[in-house]
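In: Below are the sequence and a predicted model for it; my questions follow.
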2 protein chains.
Amino acid sequence: MSTRTPGTDDGSAPLLTLLPSTPGGAAAPAPERADAARNRRRILDAAARIVAEKGPDAVTMNQVAHASGIGVGTVYRRFGDVSQLLWALLDDRERQFQEAYMSGPPPLGPGAPADERLDAFLDALVDRVAEQRALLLAAHSAAPRARYHSGAYQVMHTHVAMLVSRLRPDADPALLAHLLLAPFSPDLMHHLSVEQALPAERVKAGVRELLALRDRPRPA
Amino acid sequence: MSTRTPGTDDGSAPLLTLLPSTPGGAAAPAPERADAARNRRRILDAAARIVAEKGPDAVTMNQVAHASGIGVGTVYRRFGDVSQLLWALLDDRERQFQEAYMSGPPPLGPGAPADERLDAFLDALVDRVAEQRALLLAAHSAAPRARYHSGAYQVMHTHVAMLVSRLRPDADPALLAHLLLAPFSPDLMHHLSVEQALPAERVKAGVRELLALRDRPRPA
């Protein structure tokens, strides 16, 4: 309830000023004891609820401690500061998303034909960006060109290029994957979903129309 | 030849910190006397040469005055400072580009079928971004979300939506135009052309492949 009064010194720190290193990238967390893992889960879930209800600017370490029922000292020890906690939140959802498209059930995961997997992936990506829009936008605005070097982007890119290479063995899958991921930048998704108020379903339909805008050239 | 010594106080000012207002937008310049228009042209051409040879960071008002053969006082009077001069340079090329696609010769301008005009436009846009890449990138990085509100973007968007509505009367032309313009953001074009070293012709071919990636659904 302490609106506008940051509960901690970190409450007023600028959001997401850390460089977007590698969410979902190589540095896997060390194995955790079961209670440590449970605490981490409760802290992240509480932070996610606050972001969803009030936006990322409203998150403070004290509020997260209160909402999760975990001592503020533990919250600091696990996450350092608000900025790192918000990065962990992005990373956490990105890992779940990666698991879903790399090894989850079809059509998003393996087992469906490439065209169905691509449609399922692009649909899921619209939802993924919508779900953490404010966080992704803050991270993106802080360092727009870092997008292409983030672990999250590179894993998505590899996945889309693999699907494209199955759909169109004659095309340039790496290039097409970059072009295909371009509309999903947080700033365009924010423009379409918030500023233009387009529902997610309409954006998904538009992406499908884009990929069938032109007739394919007939083989000579 | 005075390398690394800014010729003026403005030489060390951060580039393009002005908000991207409306390049190519509503505020047309007042009518100029012929000699004033000639001077403006010479100053802009000299600045464009310096940017092309040494990059935007190298531009100083003194260098531009020297290279254009116009007194430095006139350069300041006309453009204010380096930042405004660089904006004027972007604006100048954007107006030429707009004239070419709105009223120039076909297939970029009117007179060709919509599919040929769209191909010509997307090809020209790859070249347009490549030509002023460093400037566009600096402007974009300073305010990434301003892209969708700039006059330059809005005029391109209207044009692409018009062509899409002729190609696919059943589609959502305004949405498709946004999705279609997404790969041309300066940051992705920089990544592809500089970091990935892809030639412009390959990027153009990739854009065409993207738009024919999927087969169109048969009418029921």
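Out: That came in fine, so what should we check first?
In: ok, residue A:108 - contacts?
Out: When contacts are counted by CB atoms under 8 Å, 6 or more residues apart in numbering or on different chains, residue A:108 touches A:100-101, A:117, A:120-121, A:124. For glycine as for every other residue, the C-beta is placed from the backbone atoms N, C-alpha and C.
In: Give the helix, strand or coil label for it.
Out: coil (DSSP: H, G, I helix; E, B strand; the rest coil).
In: Leaving out sequence neighbours, find the closest residue to it.
Out: Nearest residue to residue A:108, sequence neighbours excluded (CB to CB, 6 or more residues apart in numbering or on different chains): residue A:120, at 4.3 Å.
In: Which residues outside the helix or strand harbouring that neighbour are in contact with it?
Out: Assigned by DSSP states H and E, residue A:120 belongs to helix A:114-131. Helix A:114-131 is contacted by residues A:93, A:97, A:100-101, A:106-110, A:112, A:136, A:156, A:159-160, A:163-164, A:166-167, A:180, A:184, A:186, A:189, A:193, A:200, A:203-204, A:207-208, B:214 when judged by CB under 8 Å, 6+ apart.
In: Now do the most centrally placed residue in chain A, the pLDDT please.
Out: The centroid of chain A falls nearest to residue A:94 when counting by CA atoms, centre = their mean (4.8 Å). pLDDT for residue A:94: 95.
In: Which neighbouring elements make contact with whichever strand or helix holds it?
Out: Residue A:94 is part of helix A:82-103, with elements assigned from DSSP H and E. Where contact means 3 or more CB pairs under 8 Å, 6 or more residues apart in numbering or on different chains; DSSP states H and E, helix A:82-103 is packed against helix A:34-54, helix A:61-68, helix A:72-79, helix A:114-131, helix A:133-142, helix A:151-167.
In: how about TSV for those, with distance to residue B:70, mean neighbour count and mean pLDDT added?
Out: TSV is the format used below for these (distance: least, CB to CB, whole Å; neighbours: other CB atoms under 10 Å in any protein chain shown; pLDDT from 0 to 100):
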stretch	distance to residue B:70	mean neighbour count	mean pLDDT
helix A:34-54	54	15	92
helix A:61-68	58	21	96
helix A:72-79	58	17	94
helix A:114-131	49	19	96
helix A:133-142	39	21	86
helix A:151-167	46	19	96
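In: wait, which of those is closest to residue B:73?
Out: helix A:133-142 (39.0 Å; CB to CB).
In: now residue A:75: how far from residue A:60?
Out: Using CB to CB, to the nearest Å, residue A:75 is found at 10 Å from residue A:60.
In: any idea how far residue A:91 is from residue A:84?
Out: Taking CB to CB, one finds residue A:91 at 10 Å from residue A:84.
In: Neighbour count: the two, which is higher?
Out: Higher neighbour count among residue A:91 and residue A:84: residue A:91, with 21 against 15, using other CB atoms under 10 Å in any protein chain shown.
In: so how far is chain B from that one?
Out: 22 Å (CB to the nearest CB, to the nearest Å).
In: how near is that residue to residue B:170?
Out: According to CB to CB, residue A:91 and residue B:170 sit 41 Å apart.
In: Residue A:172 now?
Out: Residue A:172 is 29 Å from residue B:170, by CB to CB.
In: more crowded one of these two?
Out: Ranked by neighbour count (other CB under 10 Å), residue A:172 and residue B:170 place residue A:172 first, with 20 against 7.
In: which residue packs closest to the more buried one, ignoring adjacent ones?
Out: residue B:206 (5.6 Å).
In: likewise residue A:65?
Out: Per CB to CB, 6+ apart, closest to residue A:65 is residue A:72, 3.9 Å.
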